[in-house]
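Asks: Need a 3D model of the sequence below.
(one chain, ligands or ions: 1)
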Amino acid sequence: MYAEAGTPAQAKQTSYPAGRDFAFFFEGLAEGRLLVQRCHGCGTLRNPPGPMCGECGSLGWVPVDVQPHGTVFSYTVHRHPPIPPFATPHVVALVDMADGFRLLGPVSGIAPEDMAIGLPVRVEIGRFEHPFPSFRFVEGA
Ligand SMILES: [Zn+2]
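Replies: Prediction:
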């Protein structure tokens, strides 16, 4: 999103992708569940959702519950512009989930200066207009 010259940037909450591929994911979050696609052809778990398996080309899949924890693969600290409902600055991480796929989301429970690759996190379902995946640092894990 770009602001036009001379106007302040507006923090705007984007809506989640409501297409057929993502519907089960957000419906699961609304029920307090973290679901990903498991390929019918080869069993690969894949995220983000998509219509076809990148490993075997199968179009068949089922939604499965997955373990809600992992370790930080990479992260960034978002400083500007403000994005409600998140404080600024806040951490956004790409997480290696325990079941072998990656998931992106904001991280709470740790200061940006203390964030590091490899730290353990647990999924929490955030809510702001709609549910979204987020993480909380797991101290002592
Ligand atoms: Zn497959």
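Asks: next helix or strand past the helix or strand hosting Gly28?
Replies: For Gly28, the element it lies in under DSSP states H and E is helix 20-30. Following helix 20-30 in sequence order, the next helix or strand is strand 35-39 (DSSP H and E).
Asks: for the helix or strand following that following strand, packing partners?
Replies: Next along the chain after strand 35-39, taking DSSP H and E as the criterion, comes strand 45-46. Other elements packing on strand 45-46 under the criterion 3 or more CB pairs under 8 Å, 6 or more residues apart in numbering; DSSP states H and E are strand 35-39. For glycine as for every other residue, the C-beta is placed from the backbone atoms N, C-alpha and C.
Asks: Which secondary structure elements does the strand it packs on sit against?
Replies: Packing partners of strand 35-39 (3+ CB pairs under 8 Å, 6+ apart): helix 20-30, strand 45-46, strand 61-65.
Asks: quick one: the strands in the protein?
Replies: Taking DSSP state E, the strands of the chain run over residues 35-39, 45-46, 61-65, 69-78, 90-97, 102-108, 120-128, 130-137.
Asks: On the pLDDT front, check Pro84 for me.
Replies: For Pro84, the model assigns a pLDDT of 83.
Asks: same check, this time on Gln37
Replies: For Gln37, pLDDT reads 96.
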